[in-house]
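Novice: Need coordinates for the following:
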Amino acid sequence: MWRVRPAKLDDLQQILDIAGAQTARLSSTLPKTEETLARKIQHSRDSLADNAPEGTPRRFLFVLENTETGEIAGTAGIDSRAGNGHPFYNYRRDYLIHASHELNVSRRVEVLYPSHALTDLTLLCSFTLREQHRNTQVFELLSRARMMFIASHREWFTNRTVVEIQGVQHENGSVPFWDSLGRHFFNMDFETADQYSGQLSKTFIAELMPPNPVYVTLLSTEAQEALGQPHPLTEPNYQLLQREGFQPGCYVDIFDGGPVMEVRTDSLRTLVTSQPKTLHGSHQNDGETCLISAGEGEHFRCLLTPVAETLADDVKVPVSTWHGLESSAGDPVRISPL
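Specialist: Predicted structure coming up:
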């Protein structure tokens, strides 16, 4: 049985293995060094226990676990405040009109403005999954478990939620948008800059990137074509997030030009369709497959289960689901259809 639960320090090596093997970061970065990842996991544990230092935004990291073998097959994160106390930088797409009355010429030119307007919004991040599990139901479980967590801890999150989707990157590691713009100011390759953004304060972006608008027409043709486009490997995640209600807006990732998707938190499909219920047992192992979650904070668990019967305030599921949730009859749970 696969379930999603908060990450523990015991998961460190397995998460490092996943981070090192990933080809496309399906949304935001996951630290690839033991020390940085350990800090991220501990910050998540402190946030769940409400022990984070005062003034430090909550950050959460979850894992997809095989309850029978202990295998960790993926991760998914939530930052309650994008930027985590620092500016959260993106480019905002806009247009300028250049006109000459004397020549009777008018042209609409696309420009990119450095922006940190999305700072302090809730951010979905750190989504990674072993390749063999993509395009399966556990892919949806891992992604949507975060929405189930938000639904159960709504007061911890803001009224809008955003997620960065990786932009176009070729198999040889080249990133058209980065190579046409960022590389000229950072003097480092894309992978290094992207890792710095996940490990350090993003103030280095403000220090090195030009503060002026960037004319898109001055970028390479390949970079222009990549602007706002998701990496092909992220397409399933992109479509799942669209089904949740996310839509690409006017912002793009400052490094690879990938789309930034936005949604009003309370309109997320999982929040709208999920319902609190009371847990009861069933001897049947068939029925509609649903997401089910239980537990608060560090005891949060989420998995897929057949639902045999749903009454006004009760839900009947196989006893094996109880074990996965680490819950008992009469405990409060939340369910949502796939």
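
Novice: His43: helix or strand, and which one exactly?
Specialist: Element membership for His43 (DSSP states H and E) is helix 34-48.

Novice: Quick check: next helix or strand after that helix?
Specialist: strand 59-66.

Novice: which element follows that next one toward the C-terminus?
Specialist: Next along from strand 59-66, by DSSP H and E: strand 72-79.

Novice: which residues touch that following strand?
Specialist: 2, 4, 7, 11, 14-15, 18, 28, 30, 44, 57-66, 122-130, 133, 138, 142-143, 145-146, 149-150, 157 (C-beta atoms under 8 Å, 6 or more residues apart in numbering). In this view, the C-beta of every residue, glycine as well, is placed from N, C-alpha and C.

Novice: now the angle between strand 59-66 and the helix holding His43, please.
Specialist: 100 degrees (axes from the mean of the first three to the mean of the last three C-alpha atoms, to 10 degrees).

Novice: quick revisit: ok, of the contacts of strand 72-79, which come out buried?
Specialist: 2, 4, 7, 11, 14-15, 18, 28, 30, 44, 57-65, 122-130, 133, 138, 142-143, 145-146, 149-150, 157 (16 or more other C-beta atoms under 10 Å).

Novice: Which of those residues fall in strands?
Specialist: 2, 4, 59-65, 122-129 (DSSP state E).

Novice: residue boundaries of the helices in the stretch 201-338 of the chain?
Specialist: 203-208, 221-226, 235-244, 269-273, 319-325 (DSSP state H, counting those that start in this stretch).

Novice: Could you report the distance from Ala294 to Leu311?
Specialist: 17 Å (C-beta to C-beta, to the nearest Å).

Novice: okay, these two: which has more neighbours?
Specialist: Comparing Ala294 with Leu311 by other C-beta atoms under 10 Å, the one with more neighbours is Ala294, at 25 against 10.

Novice: residues in contact with the nearest residue to Thr278 once chain neighbours are set aside?
Specialist: Closest residue to Thr278 apart from its sequence neighbours, by C-beta to C-beta, 6 or more residues apart in numbering: Asp314 at 4.9 Å. Listed by C-beta under 8 Å, 6+ apart, the contact partners of Asp314 are Lys277, Thr278, Leu279, His280.

Novice: could you flag which of those are buried?
Specialist: Judged by 16+ other C-beta under 10 Å, buried ones among the contacts of Asp314: Lys277, Leu279, His280.

Novice: Reformat those as TSV; add distance to Thr161 and pLDDT.
Specialist: Shown next, in TSV, are the buried ones among the contacts of Asp314 (distance: C-beta to C-beta, whole Å; pLDDT from 0 to 100):
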residue	distance to Thr161	pLDDT
Lys277	24	93
Leu279	28	91
His280	32	88
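
Novice: Among the residues you listed, name the ones in strands.
Specialist: Using DSSP E, the buried ones among the contacts of Asp314 in strands are Lys277, Leu279, His280.

Novice: Isn't the last one up against Val315?
Specialist: The reference is to His280. Yes - using C-beta atoms under 8 Å, His280 makes contact with Val315 at a distance of 6.7 Å.

Novice: list residues touching both of those two?
Specialist: By C-beta under 8 Å, 6+ apart, no residue touches both His280 and Val315.

Novice: Roughly how far does the residue nearest to His116 when sequence neighbours are not counted sit from Glu140?
Specialist: Using C-beta to C-beta, 6+ apart and skipping the chain neighbours, the partner closest in space to His116 is Pro87 (3.9 Å). Distance of Pro87 to Glu140, given as C-beta to C-beta: 33 Å.

Novice: what does Asp189 give?
Specialist: From Asp189 to Glu140 the distance is 33 Å (C-beta to C-beta).

Novice: Leaving out chain neighbours, which residue sits closest to Pro213?
Specialist: Closest to Pro213 by C-beta to C-beta, 6+ apart is Val111, at 4.3 Å.

Novice: Then Arg3?
Specialist: Arg3's closest residue in space is Leu303 (C-beta to C-beta, 6+ apart), at 4.0 Å.

Novice: now Ser327
Specialist: Ser327's closest residue in space is Ala294 (C-beta to C-beta, 6+ apart), at 4.6 Å.

Novice: Can you name the residues bridging to that neighbour?
Specialist: According to DSSP bridges, the partner residues bridging Ala294 are Arg301, Val333.

Novice: for it, what are its contacts?
Specialist: Leu279, Phe300, Arg301, Leu325, Glu326, Ser327, Asp331, Pro332, Val333, Arg334.

Novice: what helix or strand is Arg107 on?
Specialist: With DSSP H and E as the test, Arg107 turns up in strand 105-115.

Novice: Buried ones in that strand, by neighbour count?
Specialist: Buried-residue list, strand 105-115, by 16+ other C-beta under 10 Å: Glu110, Val111, Leu112, Tyr113, Pro114, Ser115.

Novice: ok, now how distant is the first one from Ile78?
Specialist: Taken as C-beta to C-beta, the spacing of Glu110 relative to Ile78 amounts to 32 Å.

Novice: Quickly note the distance from the residue nearest to His153 when sequence neighbours are not counted to Leu268.
Specialist: Spatial nearest neighbour of His153, chain neighbours left out: Glu296 (7.1 Å); criterion: C-beta to C-beta, 6+ apart. Distance, Glu296 to Leu268, by C-beta to C-beta: 19 Å.
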